[in-house]
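# Pasted the sequence and its predicted model underneath.
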Protein chains: 2
Amino acid sequence: MRLSTKGQYAVRAMLVLAMRQAEAPIALRRISEIEDISAQYLEQIFVDLRKAKLVEGVRGANGGYKLARPAEEITAGDILRAVEGPIAPVECVRHQDPEACQRENICIVRGLWKRLRDSMSAVLDTTSLADLANTTEEV
Amino acid sequence: MRLSTKGQYAVRAMLVLAMRQAEAPIALRRISEIEDISAQYLEQIFVDLRKAKLVEGVRGANGGYKLARPAEEITAGDILRAVEGPIAPVECVRHQDPEACQRENICIVRGLWKRLRDSMSAVLDTTSLADLANTTEEV
DNA sequence: CCAATACCTGAGTAATCTGCTCGGGATTAT
DNA sequence: ATAATCCCGAGCAGATTACTCAGGTATTGG
């Protein structure tokens, strides 16, 4: 029940962009140095982020990446879904699939997984990059 | 960000015990048939459940397993922690470790992981086996 | 122009985790 | 005794994770 480092890296990298939003694009290499993440691994992560239209790449010298939308409009949930797929603790609550439920206790437990999924989504989808960037020192 | 089948199996197996609580111990083999889970894999799971004092094994012929406590006093969180370890999306929020936090954005994001962990715990620790067993058909 | 910068892509890979299987030993009701 | 049952440790194939490697392709400062 843990988050992959890929997801953690993605959020941290996006936060770097969010905290320097108005400025010129930031080179991937630079993010890699700031957050101490392998540059080549970060590239893969940014492929996902770009496909999800969360960032835009700027090519050429002095290029880099920037947020595709204002930091207020990108949530942690957006980022995690982009790099990790659906936020669902078990497969059967990913979409509505009324079938695929023969055994007696599976459906009973499914209600629990749904509540779990919803509580996770509630946190992740209400926390934007702007919220994180404005965090000063909450305990 | 998904739950292992081990955790899912554990909850379903415990629910079998909860729904037949007052009766004689139930053989592992029987649970395996009811829930269609490999008996030998279930054995491993019950090792963890027994160590966590959630079930008691009754040896010998006509033996089996029974809940160590009333179904009202065993939560889904208890079960998942027993077989999967701490409920924490990332390592650094498992316990209080004030150090191990050099990079700039790690601490900022940590607040998010804590809120995520707490919302997950809130659901899992407030749902007992008795609650699940009484579920009739919630959508 | 052109070489540096940087994005983009696909394949490979070591280590770890998951989801089991196999074989045997200990305990107890009948 | 013996069959049923829990108990225990090791092994193992396949998937996943967290990367690396080797090359592209696009853009632009000088």
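Cool, got the structure. Residues are numbered from 1 along each chain as shown, chains lettered A, B, ... in the order given.
# hang on, residue A:48 packs against residue A:82?
Yes: assessed by CB atoms under 8 Å, residue A:48 is found in contact with residue A:82 at 5.2 Å. Backbone N, C-alpha and C define where each C-beta goes, glycine included.
# Overlap of the contact sets of those two?
Taking CB atoms under 8 Å, 6 or more residues apart in numbering or on different chains as the criterion, residue A:48 and residue A:82 both touch residue A:10.
# ok, these two, which is more surrounded?
Between residue A:48 and residue A:82, counted using other CB atoms under 10 Å in any protein chain shown, the more crowded position is residue A:82 (22 against 18).
# Name the helix or strand for that one, please.
In this assignment (DSSP states H and E), residue A:82 forms part of helix A:76-84.
# Kindly report the same for residue A:66.
In this structure, residue A:66 sits in strand A:64-67 according to DSSP H and E.
# Quickly check: that strand near DNA strand C or not.
Yes: counting by CB under 7 Å from any atom of the strand, DNA strand C has neighbours in strand A:64-67: A:64, A:65.
# go on, stretch A:11-22?
No: figure legend: stretch A:11-22 not in contact with DNA strand C (CB under 7 Å from any atom of the strand); closest approach 10.5 Å.
# And for stretch A:41-61?
Yes: Stretch A:41-61 reaches DNA strand C (CB under 7 Å from any atom of the strand) through A:43, A:44, A:46, A:47, A:50, A:57, A:58, A:59, A:60, A:61.
# From the residues you listed, list the buried ones, please.
Buried subset of the residues of stretch A:41-61 next to DNA strand C (neighbour count, 16 or more other CB atoms under 10 Å in any protein chain shown): residue A:46.
# returning to that earlier point: for the strand holding residue A:66, which outside residues touch it?
Residues outside strand A:64-67 that contact it (CB under 8 Å, 6+ apart) are A:14, A:17-18, A:21, A:24-28, A:30-31, A:46, A:54-58, A:74, A:129.
# Spell out the residue ranges of the strands in chain A.
Here chain A has its strands, by DSSP state E, at A:55-58, A:64-67.
# what's the most buried one of those?
By mean neighbour count, with neighbours taken as mean count of other CB atoms under 10 Å in any protein chain shown, strand A:64-67 ranks first of those at a mean of 20.
# Count the neighbours of the nearest residue to residue A:80 once chain neighbours are set aside for me.
Closest residue to residue A:80 apart from its sequence neighbours, by CB to CB, 6 or more residues apart in numbering or on different chains: residue A:7 at 5.0 Å. Neighbourhood size, residue A:7 [other CB under 10 Å]: 23.
# Isn't residue A:31 up against residue A:37?
Yes: using CB under 8 Å, residue A:31 is in contact with residue A:37, at 7.4 Å.
# neighbours around the spatially closest residue to residue A:29 that is not a sequence neighbour, how many?
Among residues not flanking residue A:29 along the chain, residue A:39 sits closest, at 5.6 Å (CB to CB, 6+ apart). Residue A:39 has 13 neighbouring residues, counting by other CB under 10 Å.
# does residue A:39 really touch residue A:45, like I thought?
No: proximity of residue A:39 to residue A:45 does not meet the contact threshold set by CB under 8 Å, at 10.6 Å.
# so what's residue A:85 up against?
Not one residue lies near residue A:85 by CB under 8 Å, 6+ apart.
# Backbone torsions only: list them for it.
For residue A:85, the backbone dihedrals are phi 80, psi -170 (criterion: degrees, to the nearest 10).
# quick one: it and residue A:4, what's the gap?
Between residue A:85 and residue A:4 the computed distance is 10 Å (CB to CB, to the nearest Å).
# repeat for residue A:75
Distance from residue A:75 to residue A:4, counting by CB to CB: 18 Å.
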